[in-house]
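no sequence on this one, just coordinates:
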């Protein structure tokens, strides 16, 4: 079942924006020994590695599908039980019915929304962990670098085919695709979700929760406005609005008027 295009793309914009508001801050003591600035290379390197990896090895898309299917549900449970604002240990169990719904209704809107929720929540956990082990300035540069790489690859027509291959890859037995958020007829890549969550994790460690919520609203507005480019392009770098939101956040901080 498809919803109108405008509704589908705005739903995905809202999902991406929500990821700015969700992450909490902090890292378990046992993981603090792994801190280092090189972790900040993950965002920009990952997009280049996936694009050229799938181009060289088409079977990699199937491997990434399985990786998402295995990793996303426990990471989503960790977000519900620890990684997000308002998390409670018992909430982690909600990942089970989400996975069941995503599998049972894998071909309809309800299943796609459940799968998108699992993917998004997994990004919350990953983003909080990455912010805990990497310095904020390096991660901010990584967000900008990933957005630039994303835009260049799309304009050079090098991202579209690998992206389509990754989005189309699916495990057998109607198992859900968790490497992409789908609201037919639109979709949003895992990296686009993760970058928004990473921005949220950065702000969570530096500012108030109110700042996160306001920045989430700003990202939604930027993403919705950016969607106007669909009039001339078939694929957009959804990481660019995240980088623009980061720029607005930094400008507010430098003017000594943080979003509060």
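Yep, that arrived. Because the structure is a prediction, the values reported are computed rather than measured. Numbering: from 1, shown residues only.

what's the burial count for residue 34?
Residues near residue 34, counting by other C-beta atoms under 10 Å, number 12. The way it works is simple: take the backbone N, C-alpha and C, and place the C-beta from them, glycine included.

ok, how many other residues are close to residue 201?
Other residues within reach of residue 201, judged by other C-beta under 10 Å, total 31.

Next, give phi and psi for it.
Dihedral pair for residue 201: phi -70, psi -40, per degrees, to the nearest 10.

tell me the contacts of it?
23, 25, 124, 127-128, 130-131 (C-beta atoms under 8 Å, 6 or more residues apart in numbering).

redo that, cut-off 10 Å
Going by C-beta atoms under 10 Å, 6 or more residues apart in numbering, residue 201 touches 19-20, 22-26, 83, 123-132, 136, 139, 212.

so the residue nearest the centre of the chain is in which element?
Centroid check for the chain by C-alpha atoms, centre = their mean gives residue 193 as the closest residue, at 1.4 Å. Residue 193 is located in helix 190-206, with elements delineated by DSSP states H and E.

How much space separates residue 227 from residue 155?
Taking C-beta to C-beta, to the nearest Å as the measure, residue 227 falls 17 Å from residue 155.

Look at these two and report which has more neighbours.
residue 227 (19 against 12).

What confidence value was assigned to that one?
On the pLDDT scale, residue 227 is placed at 93.

hang on, isn't it packed against residue 237?
No - counting by C-beta atoms under 10 Å, residue 227 stays clear of residue 237, with 11.9 Å between them.

pLDDT below threshold where in the stretch 1-150 of the chain?
1-2 (pLDDT under 70).

Apart from its neighbours in sequence, what residue is nearest the residue nearest to the centre of the chain?
residue 123 (4.7 Å; C-beta to C-beta, 6 or more residues apart in numbering).

mind listing which of the contacts of residue 201 are in helices?
19-20, 123-132, 136, 139, 212 (DSSP state H).

out of the residues you listed, which one sits closest to residue 93?
Nearest to residue 93 among these: residue 125, at 15.5 Å, using C-beta to C-beta.

and that closest one, how many residues sit next to it?
Neighbourhood size, residue 125 [other C-beta under 10 Å]: 26.

and it, how far is that from residue 169?
Separation of residue 125 from residue 169 (C-beta to C-beta): 23 Å.

Now do the buried residues in stretch 124-144.
Residues 124-134, 139-144 are the ones in stretch 124-144 that count as buried (16 or more other C-beta atoms under 10 Å).
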